[in-house]
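Asker: Pasting the sequence and the predicted model now:
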Amino acid sequence: DVKVTQSSRYLVKRTGEKVFLECVQDMDHENMFWYRQDPGLGLRLIYFSYDVKMKEKGDIPEGYSVSREKKERFSLILESASTNQTSMYLCASRGGQINQPQHFGDGTRLSIL
Amino acid sequence: GIQVEQSPPDLILQEGANSTLRCNFSDSVNNLQWFHQNPWGQLINLFYIPSGTKQNGRLSATTVATERYSLLYISSSQTTDSGVYFCAPGETGANNLFFGTGTRLTVIP
């Protein structure tokens, strides 16, 4: 079974802090994704990466950056956290073919005070 | 991106009842997944089903890609089926999934 692990289940940070959310997968997947989930809006894609050091913007990249230095790890960075970034963040991974399922981590519930 | 509509938005069932959840999408797809998000926020893969029909225990799903819809059937519902069900198609040639706003299912004993 695919295992996608997010480093924190709950996280509380302050406005203006730099915040790192970490995601690790154990299946040698090429593709990794960061989504944000807000009530009534479903999940929205922030960024995805299709290879080491490669990334593409999703639907809502503003205020975020990402890093993928190793194949198994994909980090989401909030450069200067703001209260409107309080949300549930979910990481996913997928193999190299488009017609394969995405597998999700358990999510990080982030609160910015 | 793909527009995704799920219905009904909310559903309350008595334990043991059957239900059908519907997902309509606006474009051709090469990928479609159904997920169950439990009360703890975990997204559980139910089906990968860009076309055809699959069954897994009390759950089954059908996607008719040419008519741009997918259905999730839950039979003999249990309280542990409660949560939010998401449909997420991926458009042809694209990497990411597009999520609907989900169907919130509550199964009461």
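Answerer: On my side now, so go ahead.
Asker: Name the residues of chain B found near chain A, please.
Answerer: Proximity of chain B to chain A is assessed by CB under 8 Å from any CB of the partner chain, with B:1, B:4, B:30-31, B:33, B:35, B:40-43, B:45, B:48, B:50, B:86, B:88, B:90, B:93-97, B:99-102 identified as the residues in range. Just so you know, the C-beta spots here come from the backbone N, C-alpha and C atoms, and that holds for glycine as well.
Asker: let's see it at 6 Å
Answerer: B:30, B:31, B:33, B:41, B:42, B:43, B:45, B:48, B:96, B:99, B:100, B:101 (CB under 6 Å from any CB of the partner chain).
Asker: Can you tell me the element the third one falls in?
Answerer: Taking DSSP states H and E as the criterion, the element that holds residue B:33 is strand B:29-37.
Asker: residues making contact with that strand?
Answerer: Outside of strand B:29-37, the residues that reach it under the criterion CB atoms under 6 Å, 6 or more residues apart in numbering or on different chains are A:98-99, A:101, B:43-44, B:46-50, B:61, B:63, B:70, B:72, B:83-92.
Asker: Excluding covalently adjacent residues, which one is nearest to residue 80?
Answerer: In the absence of a named chain, chain A is used. In space, not counting the residues next to it along the chain, residue A:80 is nearest to residue A:16; the distance is 5.4 Å by CB to CB, 6 or more residues apart in numbering or on different chains.
Asker: meant chain B, my bad for not saying
Answerer: Closest residue in space to residue B:80, ignoring its immediate chain neighbours: residue B:107 at 7.9 Å, by CB to CB, 6+ apart.
Asker: In contact with that neighbour, which residues?
Answerer: B:13, B:15, B:77, B:79, B:81, B:82.
Asker: Which strand or helix spans it?
Answerer: Assigned by DSSP H and E, residue B:107 falls in strand B:103-108.
Asker: quick one: strands adjacent to that strand?
Answerer: For strand B:103-108, the paired strands and their directions (DSSP bridges) read strand B:10-14 (parallel), strand B:83-91 (antiparallel).
Asker: Go through those and pick out the most buried.
Answerer: strand B:83-91 (a mean of 25; mean count of other CB atoms under 10 Å in any protein chain shown).
Asker: Alpha carbons only: can I get that strand in CSV?
Answerer: The C-alpha trace of strand B:83-91 is given here as CSV (Å, rounded to 0.1, in the frame of the first residue of the first chain):
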residue,chain,number,x,y,z
GLY,B,83,-18.6,11.6,6.2
VAL,B,84,-18.1,13.5,3.0
TYR,B,85,-17.9,11.8,-0.4
PHE,B,86,-15.9,13.5,-3.1
CYS,B,87,-15.8,12.9,-6.8
ALA,B,88,-12.6,14.1,-8.5
PRO,B,89,-12.1,13.8,-12.2
GLY,B,90,-8.9,14.6,-14.1
GLU,B,91,-9.2,16.2,-17.5
